[in-house]
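*Asks:* Next come a sequence and a model predicted from it.
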Amino acid sequence: MKGPFASLLLTLIALTAGVANAADPVAPVTVEGELHVTLKNAEYVKVQVNGQDYDNIEFERDGKVVLIKGLSLSLEHNAIVLLPTDPALKQAEVEVVPKDFKKKRKGREVFLVATKTIGFDKVSTDVPAPPEKPTTDPVAPPPPQKDDL
């Protein structure tokens, strides 16, 4: 009697467990992307994403390529600011929208990758000339008055 009852009990447990797992809500899948930025005239930049410092980055080719990982594709756009370490260069801003990401495959893994190339503008070192003062004669005493007598 132990054999048929045990097999029936195990079958019922397996069915209820399968039904219970099917009733659990499926967690929403968050899709993340990568941005590969090629730097023309800088290397090893600091990255800010949507106004906050961002640490999920990697560098390739001696700092000339920045891999910004973990960008959310659920946002309308990601505003990225690249801050060069050279003080003679201005910061560069990049906006990435979800349609910029393309599927790329590395082995069996599939990544969503966007690529950009950025050149940094130089900070102007020209000091603006001070406004010219109008040249006037130095203040002199008034001419002496003539006597009308």
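*Replies:* Structure received. Residues are numbered from 1 along each chain as shown.
*Asks:* Could you use CA atoms for every contact and neighbour count after this?
*Replies:* Fine.
*Asks:* So residue 117, which state does it fall into?
*Replies:* Using DSSP: H, G, I helix; E, B strand; the rest coil, the structure places residue 117 in strand.
*Asks:* Summarise which helices and strands the helix or strand that residue 93 is a member of is packed against.
*Replies:* If you go by DSSP states H and E, residue 93 is part of strand 92-96. Packing partners of strand 92-96 (3 or more CA pairs under 8 Å, 6 or more residues apart in numbering; DSSP states H and E): strand 78-83.
*Asks:* Run me through the strand neighbours of the strand it packs on, direction for each.
*Replies:* Strand pairing for strand 78-83, determined by DSSP bridges: strand 46-49 (antiparallel), strand 92-96 (antiparallel).
*Asks:* Count the neighbours of the closest residue to residue 55 other than its chain neighbours for me.
*Replies:* Nearest-residue entry for residue 55: residue 47, 7.5 Å, with adjacent residues in sequence omitted and distances by CA to CA, 6 or more residues apart in numbering. The tally of other residues near residue 47 (other CA atoms under 10 Å) stands at 19.
*Asks:* The one 10 residues further on too?
*Replies:* When neighbours are defined as other CA under 10 Å, residue 57 has 15 of them.
*Asks:* Also residue 71?
*Replies:* Neighbour count of residue 71, defined by other CA under 10 Å: 20.
*Asks:* Residue 102 too?
*Replies:* Using other CA under 10 Å, residue 102 is surrounded by 15 other residues.
*Asks:* And residue 6, how close does it get to residue 16?
*Replies:* When distance is defined by CA to CA, to the nearest Å, residue 6 is 15 Å away from residue 16.
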